[in-house]
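**Student:** I would like to see how this sequence folds:
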Amino acid sequence: MTEILKKYAAASGVKKEKIINVMEKYVCLNRQEFFDGRSLWHRNIKNRRAPLEPLAIVADAPLSAAEAADKLNFLRNDYSLSRIMEYMDKLFGDSNSITSNEIDIEDNSEFIKIILATIRSGERNTNYKAKFGDGMVNKNGYRVPEIVFTRKGSGEGRK
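**Tutor:** Predicted coordinates for the structure are as follows:
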């Protein structure tokens, strides 16, 4: 779905209309509008919608204690501080600093790790610092602030 939306964002004119017509025919989604110039955006055209019966809202069953424990265990293990620091070490490689512009964010997991790395950068037991710039960086459909991550004790700014 993401690839289709990326192709839609890159298309223009007639090609864009063809893509949206195919999507409307085969994919049951509502259009979404964003107020950002880099976001996938399509003006909502109310007269193009077919009058359909609204989908029923089905409430999810509450999580069992075991399911909740599994999810909590997943978060604690996959996004622990040690895993985040391992991820940051992998990003640094032999360098003492890296910018968010240099980081290739391939999936949601990496995006979450960047967010958590940024949030936890001020903690005493991390091995890196984060300094924010003024702008934003778009990487593979993910939008993150301009950040310079620097290893602690590396003499900021050296590479």
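
**Student:** how close does the residue lying farthest from the centre of the chain sit to residue 123?
**Tutor:** Largest separation from the mean C-alpha position in the chain: residue 51, at 33.2 Å (CA atoms, centre = their mean). From residue 51 across to residue 123, the span is 54 Å (CB to CB, to the nearest Å). Just so you know, the C-beta spots here come from the backbone N, C-alpha and C atoms, and that holds for glycine as well.

**Student:** now do residue 103
**Tutor:** Residue 103 is 20 Å from residue 123, by CB to CB.

**Student:** also residue 14?
**Tutor:** 53 Å.

**Student:** what domains does the record give for this protein?
**Tutor:** Per automatic domain parsing, the structural domains of the chain span 2-48, 80-151.

**Student:** mean pLDDT lowest where, among those domains?
**Tutor:** The stretch with the lowest mean pLDDT among the domains of the chain is domain 2-48, at a mean of 70.

**Student:** more neighbours: residue 103 and residue 123, which one.
**Tutor:** Neighbours were counted for residue 103 and for residue 123 using other CB atoms under 10 Å; residue 103 has more, 21 against 8.
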